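Trainee: Pasting the sequence and the predicted model now:
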Amino acid sequence: MPPEITDPVILAAAADAQKEEITEHAIYTGLARITADPRNRQVLEQIAAVEYQHYGYWKQLTKKEIAPDRIRVTFFLMTCRILGITFGIKQLERGERRIQQVYRDLSVTIPDLERILQDERDHERELIGLIDEERLRYTGSVVLGLNDALVELTGALAGFTFALQNARIIAVAGLITGIAAAFSMAAAEYLSTKSEEDGRDPFRAAMYTGVAYLITVAALIAPFLILGNLYLSLAITLVTALLVILFFSYYISVARDLPFRKRFTEMAGISLGVAALSFLMGILVRTFLGVEI
């Protein structure tokens with residue numbers, strides 16, 4: 001039973017914590033409904049029940065009902081549907097760390113918070129053991145497809161831009177190059193996964209690599225099909241490549257607990273460096289071979 005609290009500052013902090021707990025209860029309950037794995041569902045339901053117990057504790061202290069943040073719950077569940085439950089859980093873990101700090105600050109006044117804080121620590125351990133999602137197991141295959149497409153195609157398009165000077169021809173050349181490379185990378189990933197025997201399905205690994213490659217190809221070529229200005233198209237392609245790198249670097253950093261800045265800087269530097277060298281090669285080819293289209 002929590003102590004009687006009259007300090008308005010502490011009551012306001014308690015109300016915030018209460019809202020956080022009921023919001024997380026709603027999130028975990030929603031995640032349990034959308035996950036197909038029975039073991040994952042059971043753990044999520046258990047964590048949701050504990051979050052509701054925590055909500056009940058704060059309710060006794062604040063003496064009022066508080067509704068969950070429905071916008072946050074809806075946004076969070078949509079994110080999990082699109083990016084996977086693993087990514088969503090890792091994001092929620094970060095929120096758990098923030099609420100733990102609130103508990104530490106309040107534990108001086110409310111001693112029972114030490115027990116609740118221990119529950120929060122247990123949640124993290126359960127969540128880490130929970131994660132077993134197909135898309136995360138094939139992250140390496142997706143990274144392979146993305147990396148190769150970004151490096152090879154940004155370089156090829158940069159070189160084609162100066163050498164060919166025709167948006168449609170550049171788009172067609174890039175599309176042919178991209179599709180051929182996608183099939184080649186998918187086949188290579190199939191053979192590599194089959195030889196490694198690491199429990200992954202070689203066909204699925206190949207599909208993840210090939211699809212990631214083709215989606216990246218489509219995003220990079222689109223400006224040359226839509227716009228007439230060659231250099232504006234190239235600039236948009238390079239910005240698109242950076243946005244893809246930014247998004248996927250963030251995704252991996254959250255889902256795999258890897259450093260974001262190092263991964264982003266490395267991928268961006270390689271892609272833009274290859275693009276710059278390829279653009280220079282396009283200038284040299286056009287100048288010394290006299291290619292005119």
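Mentor: Received it, and whenever you're ready, just let me know what you need.

Trainee: Tell me which helix or strand in the chain has the weakest average pLDDT.
Mentor: helix 134-137 (a mean of 62; mean pLDDT, DSSP states H and E).

Trainee: Show the subsequent helix or strand relative to that one.
Mentor: Going down the chain from helix 134-137, the next helix or strand is helix 139-164, by DSSP states H and E.

Trainee: For that following helix, name the packing helices and strands.
Mentor: helix 167-196, helix 202-226, helix 230-256, helix 260-289 (3 or more C-beta pairs under 8 Å, 6 or more residues apart in numbering; DSSP states H and E). Any C-beta I mention is one placed from the backbone N, CA and C, and that applies to glycine too.

Trainee: what angle sits between the helix or strand where residue 76 lies and helix 230-256?
Mentor: Take DSSP H and E as the rule and residue 76 turns out to sit in helix 70-83. Between helix 70-83 and helix 230-256, the angle comes out at 100 degrees (axes from the mean of the first three to the mean of the last three C-alpha atoms, to 10 degrees).

Trainee: The next helix or strand after helix 70-83 versus helix 230-256: what angle between them?
Mentor: For helix 70-83, the succeeding helix or strand toward the C-terminus, using DSSP H and E, is helix 85-106. Going by the same axes, to 10 degrees, helix 85-106 is angled at 60 degrees with respect to helix 230-256.

Trainee: that older thread, what's the closest of the helices and strands packed on helix 139-164 to residue 76?
Mentor: Minimum separation from residue 76 across the helices and strands packed on helix 139-164 (C-beta to C-beta) falls at helix 230-256, 13.2 Å.

Trainee: picking that back up, determine which stretch of the helices and strands packed on helix 139-164 is the most buried.
Mentor: Sort the helices and strands packed on helix 139-164 by mean neighbour count, taking mean count of other C-beta atoms under 10 Å, and helix 202-226 sits at the top with a mean of 20.

Trainee: how does the chain divide up, domain by domain?
Mentor: The chain breaks down into these domains under automatic domain parsing: 8-132, 135-289.

Trainee: Let's see the pLDDT reported for residue 47.
Mentor: Residue 47 is assigned 82 on the pLDDT scale.

Trainee: ok, now how distant is it from residue 202?
Mentor: From residue 47 over to residue 202 the distance is 35 Å, taken as C-beta to C-beta, to the nearest Å.

Trainee: what does residue 11 give?
Mentor: 59 Å.

Trainee: Low-confidence bits of the stretch 151-293 of the chain, can you list those?
Mentor: When residues are selected by pLDDT under 70, those of the stretch 151-293 of the chain lie in 163, 197-199, 255-257, 275, 278-279, 281-293.

Trainee: out of the helices and strands packed on helix 139-164, nearest to residue 149?
Mentor: The closest approach between residue 149 and any of those, judged by C-beta to C-beta, belongs to helix 202-226 at 3.7 Å.

Trainee: Can you list the helices and strands that the closest one packs against?
Mentor: In this structure, helix 202-226 packs against helix 139-164, helix 167-196, helix 230-256, with contacts taken as 3+ C-beta pairs under 8 Å, 6+ apart.

Trainee: list the buried ones in whichever helix or strand residue 17 is part of?
Mentor: Per DSSP H and E, residue 17 falls inside helix 8-34. For helix 8-34, the neighbour count (16 or more other C-beta atoms under 10 Å) marks 10, 13-15, 17-32 as buried.

Trainee: Let me see the contact set for the residue most central in space within the chain.
Mentor: Central residue of the chain (C-alpha atoms, centre = their mean): residue 251, 2.2 Å from the mean position. Residue 251 makes contact with 83, 87, according to C-beta atoms under 8 Å, 6 or more residues apart in numbering.

Trainee: which residues touch the closest residue in space to residue 217 that isn't next to it in sequence?
Mentor: Spatial nearest neighbour of residue 217, excluding adjacent residues (C-beta to C-beta, 6 or more residues apart in numbering): residue 178 at 3.4 Å. By C-beta under 8 Å, 6+ apart, the residues touching residue 178 are 149, 153, 213-214, 217, 220-221.

Trainee: Same check on residue 83?
Mentor: The contact partners of residue 83, by C-beta under 8 Å, 6+ apart, come to residue 251.

Trainee: Need the contact partners of stretch 261-279.
Mentor: When contacts are defined by C-beta under 8 Å, 6+ apart, stretch 261-279 is touched by residues 147, 150-152, 154-159, 161-162, 238, 241-242, 245-246, 249-250, 252-253.

Trainee: Repeat the analysis, applying 10 Å as the threshold.
Mentor: Contact partners of stretch 261-279, identified using C-beta atoms under 10 Å, 6 or more residues apart in numbering, comprise 143, 146-147, 149-163, 234, 237-238, 241-242, 244-250, 252-253, 256, 259.
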